[in-house]
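A.B. asks: Got a predicted model here, sequence first, then my questions.
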Number of protein chains: 2
Amino acid sequence: MASDSLPEKKRISESTIHRLSLYYRALSVLEKEGFETVSSKGLAKREKLTPAQVRKDLSFFGSFGTRGLGYPVVELREKISQILGIDRSWRVALVGVGNIGSALVSYKEFQKQGFKIVKLFDNDQRKIGSNHKGIVVSDIKNLANELELDNIEMVVVAVPATVAQYVVDDIVKAGIKAILNFAPVNLKVPDDVFLRNENMSMELEYLSFALVNDHIPKRVR
Amino acid sequence: MASDSLPEKKRISESTIHRLSLYYRALSVLEKEGFETVSSKGLAKREKLTPAQVRKDLSFFGSFGTRGLGYPVVELREKISQILGIDRSWRVALVGVGNIGSALVSYKEFQKQGFKIVKLFDNDQRKIGSNHKGIVVSDIKNLANELELDNIEMVVVAVPATVAQYVVDDIVKAGIKAILNFAPVNLKVPDDVFLRNENMSMELEYLSFALVNDHIPKRVR
């Protein structure tokens, strides 16, 4: 499925994308368990959503499933993987081989979904040249050059907040259009660069909100 | 602000909570920079949202700000910290001192928002008894007991997917009501337990979606 078959892509929200990732995982499990079809109700229940929400999400991408028979598991999983762009592999670089960075090099979920970390960068002379899971750490001085030479498509940034903007400026200069940032800072990128921020503390804030207010907000992802 | 002053808390969505976390961070920066007030427009621009969205989010929690003068920065930051439950500290245990777990022990954002990791658990004899950032790793066999004895309020789970459900069952037995799970698996918990799943790969899937479809979904958090 090419991007031009997303008829109403402008209406697709961030929450929908996250739910597609959840459906993808649920369908992978169902496939392994040998199920051939699944109803919107079945898929909704697994993810604690409503069947109407599931049907609405999937309706963005054309008509799926047959009333009374449900969605074909394998076909739907494959279609979602195409929509999410995970029916292929991606060349990913990681900048900052500290605590979080080192953990991400070994993070199996990245590899499983086709996100291959193939380059590592750091500015610490003790780390440069060292080997992490078969990848030799490069000097951050050569960042822009090496990102281009190695055809990197996405970069994960796990450097301290104080230097994150400088690092991201270099990444942008190298022509990279997708950045996942773990530094707790608001970064500026041009409009044509996709930037996501990951802050694990925000998940705990969600839990503290829930505990203090004894309230589970409406689930959206 | 106590929970009873959330008049319409049932209408608060997950996305709103995440945006509150973002506003909290933006206001902390504004406070440091010496700003006394901020308009909904100013706050919206920082977070790439609309002013209407900001006003709507903040309206859930009573009336803030004065038309034409904007929101008082310090007061709003404090109010949001009360709503999120981060105007206090929380006693957190972490189970699974592997790659991700070790990184989280040193994760400064947790400490900064008042989430204090005070207990570590693992099942690996080589890790039990070892010291991580001043915390001695306990044997997972004593999990339920020690969680209760140490008045733990939240647990972060960073164990392999294959054992995550067993670990979570023990955590629930100990009376814990808030769990943040990093294992890539759907866990079952009773209705009165708040569970959040963190999967860093989903952020990269969002980026691959954006690259493949050349489309940034509507921002919700």
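C.D. replies: The structure has been received and is ready for your questions.

A.B. asks: Is chain B within reach of the strand or helix carrying residue A:18?
C.D. replies: Assigned by DSSP states H and E, residue A:18 belongs to helix A:14-32. Yes - for helix A:14-32, a contact with chain B is found by CB under 8 Å from any CB of the partner chain, at A:14-18, A:20-21, A:24-26, A:29. Where you see a C-beta, it was placed from the backbone N, CA and C, and this is true even at glycine.

A.B. asks: One more: stretch A:98-115?
C.D. replies: Yes - contact of stretch A:98-115 with chain B (CB under 8 Å from any CB) involves A:99-100, A:102-104, A:106-110, A:112-113, A:115.

A.B. asks: neighbours around the residue nearest to residue A:81 when sequence neighbours are not counted, how many?
C.D. replies: Distances taken as CB to CB, 6 or more residues apart in numbering or on different chains place residue A:87 nearest to residue A:81, at 4.3 Å, with adjacent residues excluded. For residue A:87, the count of nearby residues is 16 (other CB atoms under 10 Å in any protein chain shown).

A.B. asks: Next: residue A:106.
C.D. replies: Neighbours around residue A:106, by other CB under 10 Å: 14.

A.B. asks: Residue A:173 and residue A:144 touch, don't they?
C.D. replies: Yes - with contact defined as CB atoms under 8 Å, residue A:173 reaches residue A:144; the gap is 5.1 Å.

A.B. asks: Look at those two and report which has more neighbours.
C.D. replies: residue A:144 (17 against 12).

A.B. asks: what about that one, helix or strand, and which?
C.D. replies: Element membership of residue A:144, judged by DSSP H and E, is helix A:143-149.

A.B. asks: Give the other helices and strands that the helix or strand that comes right after that helix contacts.
C.D. replies: As assigned by DSSP H and E, the chain's next helix or strand after helix A:143-149 is strand A:154-157. Under the contact definition 3 or more CB pairs under 8 Å, 6 or more residues apart in numbering or on different chains; DSSP states H and E, strand A:154-157 sits against strand A:90-95, helix A:161-173, strand A:178-181, helix B:200-213.

A.B. asks: Let's see that with 6 Å instead.
C.D. replies: Judged by 3 or more CB pairs under 6 Å, 6 or more residues apart in numbering or on different chains; DSSP states H and E, strand A:154-157 is in contact with strand A:90-95, strand A:178-181.

A.B. asks: of all those strands, which lies closest to chain B?
C.D. replies: Smallest distance to chain B across the helices and strands packed on strand A:154-157 (CB to the nearest CB): 4.1 Å, for strand A:178-181.

A.B. asks: Adjacent strands (with direction) for the closest one?
C.D. replies: Strand pairing for strand A:178-181, using DSSP bridges, gives strand A:154-157 (parallel), strand A:194-197 (parallel).

A.B. asks: most distant residue from the middle of chain A?
C.D. replies: Here chain A reaches farthest from its C-alpha mean at residue A:68, the gap being 32.9 Å by CA atoms, centre = their mean.

A.B. asks: Helix, strand, or coil at that residue?
C.D. replies: Recorded secondary structure, residue A:68: coil (DSSP: H, G, I helix; E, B strand; the rest coil).

A.B. asks: Let me see the contact set for it.
C.D. replies: Residues counted as contacts of residue A:68 (CB atoms under 6 Å, 6 or more residues apart in numbering or on different chains): none.

A.B. asks: What of residue A:103?
C.D. replies: Residue A:103 makes contact with B:99-100, B:103, according to CB under 6 Å, 6+ apart.

A.B. asks: Dump these to CSV, plus distance to residue A:169, pLDDT and secondary structure.
C.D. replies: Formatted as CSV, the contacts of residue A:103 follow (distance: CB to CB, whole Å; pLDDT from 0 to 100; DSSP: H, G, I helix; E, B strand; the rest coil):
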residue, distance to residue A:169, pLDDT, secondary structure
B:99, 29, 93, helix
B:100, 29, 95, helix
B:103, 25, 96, helix
